[in-house]
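Participant: Provided below for reference: sequence and predicted model.
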Amino acid sequence: MLGADAMARCLVKEGVRVVFGYPGVAICPFFNSMLSVDIDRVLVRTEQNAAHMASGYARISGEVGVCVATSGPGATNLITGIATAYADSIPLVCITGQVDSGQLGSDVFQEADITGAVESFVKYSYLVKDVEDIPRIFKEAFHIASTGRRGPVLIDVPIDIQNASISRFVYPDEVNLRTYKPTVKGHTVQMKKVIKAISRSERPIICVGGGVLLSNAASEVSDFAHKYGIPVVSTLMGISVMPTDDPLYFGMVGNNGKSYANRAMNESDLIIMIGARVADRAISQPDLIMDNTVLVHIDVDPAEIGKNVGPHIPLVGDIKAIFEEITKYEAQCDCSEWVKTLSDYKAAEKSRKKPREGFVDPAVFIAMLSDRLKDDAIYVADVGQNQMWSCGYHKVKKGRFLTSGGMGTMGYSIPAAIGARAAAKDRQIVAVCGDGSFQMSMMELATMQQHKLPVKIIIFHNGYLGLVREYQYNVYKGHYSVVDLSGSPDFGKIAGAYGIPFYRMDDMKDAGKILDEFLASDDPALMEIMIDPLDVVK
Amino acid sequence: MQKKVFQLLVDNTSGVLSRISGLFSRRGYNIESITAGTTSNPAFTRITIVASGDEAILEQIEKQVGKLIDVRKIWELEPDSSVYRELILVKVRASDKDRQPIVSVSDIFRAKIIDVDKDSMIIELTGNQSKIEAFLDLLGSYEILEIARTGIAGLKRGSEGVIYPDSIG
């Protein structure tokens, strides 16, 4: 058995169902060995998207996403995808081929120090130097990626190691990492403090982040909120923890969030942050909310606690494990008055200013789209105005909302949606992007067609890099620099070239009918909606 | 495999140590010890690296490290014309019976006892590496609880001092 066979066997042992990748000489032994195992291989069109697809796959399946690239440029192309996953704590194992280990450091063809280059974006990385280490390293990599605070792990395997014979393949049952022991169970004393704080509070609020979804704890957290009638807001990454129309849900916080959500945070006397980083876009002035508020911070990563704000009650552990436990304690809490106040704020929210006639209104369009999507549909938003409108107006029922939050990587939606499709072949998946972000990933239409991973793609066409244009409008008094997307292709012809049905919506006339046709089948489809080039999010 | 001691004069910028250690890991060079400290000119840091490899590798190390922007100067501290010193702290288990013999061994090496507890003591020794190895060898018959070593620092013999490059230029 060769090292490459051992690598493929490790993936089988980990239950991997699909890998997203792009070959090159330095990873050829591995891809050759993949022919003899029952794991799907998806050929992407650029390596960055292999990492994004693995990310979409991981987020929907709850498994570790796997992407593979060759040495040198293949590996360096992965980096943005790895950094994107790192910023959102998505569990990935990234496998890269490497040049002959005897030639490492001598700048031979397609050599790149990928473990060095990704150092700041991975949870851990390995450069395999001995073929006998392969089973242990793979076991550790999957363990590290999928436990504690999730994140990407990279394994760099020189070609001679892939081609070396391994004397004995034994996949370890457990890992032995003396320095890595993430806390799972919450501390009982801290949990009791949380319960006590809830009993003392008149205006508690729960703020959920992406960590709740990563821990697969959405129903536990939601049940907890309902048990005591505590209102819930979310960060960008926490959208879809609660259904949008849940009477206890009060939208997304932050500078792009709902004003009533921010007001709820500001007026509460107890904030319970769950799996959220208290990052700058969600809470711009953490000191302010601390003035008259008790802050509880629940997170699996102890380093997040106190990083941006010092909580009164820290609680470290896996969120699912904590909420399975904490429901055993009883708090006294009646916040129906408070929920009523927040409901009044919500009802008084002014609707968005209507854009000019003759265009599609993004807010109305997204609401109409949401109404027509299946209950468990997966909605993938890209980055930019389309993302902000999606956060604001997409109504989650029982489905999921995916986007690149921490890194804000344009071009994420299409590959992530394709990866999500590979994880959930029976679910409806929509990728929403701008005309800028679409052009960053449109090569993956080929991947979608080749591997029969159909998704519905909607392009918000405004001829600008809209969110940057909006920023230049506000900050540089409308002096636009390098945001004009003239020269974009005819998207209908692009769709035609890939053999994908195309729909175009010029204004709100017939919007419902076009949407119905667009969503009618399970086939791939591309829709371009024409929005006001000067429309703004706020 | 041979060993060489390199001395570097580098700009005192944040990240300079990580650039140097990154170079070693990227190119697969072996580093035996590395010490860094400020110099009489606060704009510069002096780094002493003990590296091992064959002649060709050691030559590459000198050239590749010398190429780093932050590195002003790199030169070898040749054993014949340089002095090397390393400091170690050793904590040994020392019962009443052991204490006196350990003190005697330490005296021979001019080591200092810097802390004494009921059943342990900490010894400080400065010297070149062979002296330190010999000392640790002799202490081997006692139970060594902990060792901390600083790695080598060194200077060239003679009156020739370092001329600092213009710190602005």
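Facilitator: Looks like it arrived, so ask away.

Participant: So residue A:156 belongs to a strand, correct?
Facilitator: Yes: the assignment for residue A:156 is a strand, going by DSSP: H, G, I helix; E, B strand; the rest coil.

Participant: what is it paired to in the beta sheet?
Facilitator: For residue A:156, the beta-bridge partners under DSSP bridges are residue A:96, residue A:127.

Participant: surely it meets residue A:129?
Facilitator: No: using C-beta atoms under 8 Å, residue A:156 is not in contact with residue A:129, being 10.0 Å away. C-beta coordinates here come from the backbone N, C-alpha and C atoms, glycine included.

Participant: which of these two has more neighbours?
Facilitator: Between residue A:156 and residue A:129, counted using other C-beta atoms under 10 Å in any protein chain shown, residue A:156 has the larger neighbour count: 25 against 14.

Participant: List the contacts of the more buried one.
Facilitator: A:75, A:96, A:98, A:114-115, A:125-128 (C-beta atoms under 8 Å, 6 or more residues apart in numbering or on different chains).

Participant: how close does it get to chain B?
Facilitator: According to C-beta to the nearest C-beta, to the nearest Å, residue A:156 and chain B sit 12 Å apart.

Participant: next one: residue A:328
Facilitator: Counting by C-beta to the nearest C-beta - residue A:328 and chain B are separated by 44 Å.

Participant: do the same with residue A:453
Facilitator: From residue A:453 to chain B the distance is 37 Å (C-beta to the nearest C-beta).

Participant: residues touching that residue, list them.
Facilitator: With C-beta under 8 Å, 6+ apart, residue A:453 has these contacts: A:42, A:418, A:421-422, A:447.

Participant: How about residue A:132: what's its closest non-neighbour residue?
Facilitator: residue A:166 (6.1 Å; C-beta to C-beta, 6 or more residues apart in numbering or on different chains).

Participant: wait, the one you found sits on residue A:130?
Facilitator: No: counting by C-beta under 8 Å, residue A:166 sits too far from residue A:130 to count as a contact (9.6 Å).

Participant: ok, these two, which is more surrounded?
Facilitator: Taking other C-beta under 10 Å, residue A:166 and residue A:130 do not tie; residue A:166 has more neighbours (21 against 13).

Participant: Show me the chain divided up by domain.
Facilitator: No chain specified, so I'll use chain A. Listed by automatic domain parsing, the domain ranges of chain A are A:3-163, A:188-347, A:362-530.

Participant: Oops, wrong one, chain B.
Facilitator: If you go by automatic domain parsing, chain B breaks into B:2-76, B:83-153.

Participant: possible to save those domains as JSON lines with mean neighbour count, mean pLDDT and distance to chain A?
Facilitator: Putting those into JSON lines (neighbours: other C-beta atoms under 10 Å in any protein chain shown; pLDDT from 0 to 100; distance: least, C-beta to the nearest C-beta, whole Å) gives the following:
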{"stretch": "domain B:2-76", "mean neighbour count": "16", "mean pLDDT": "93", "distance to chain A": "3"}
{"stretch": "domain B:83-153", "mean neighbour count": "15", "mean pLDDT": "94", "distance to chain A": "18"}
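
Participant: And those domains: which comes nearest residue A:510?
Facilitator: domain B:2-76 (58.5 Å; C-beta to C-beta).

Participant: end-to-end on the closest one?
Facilitator: 13 Å (C-alpha to C-alpha, to the nearest Å).

Participant: How about the contacts made by the residue nearest to residue A:132?
Facilitator: So residue A:166 contacts A:1-3, A:5-6, A:131-132, A:134 (C-beta under 8 Å, 6+ apart).
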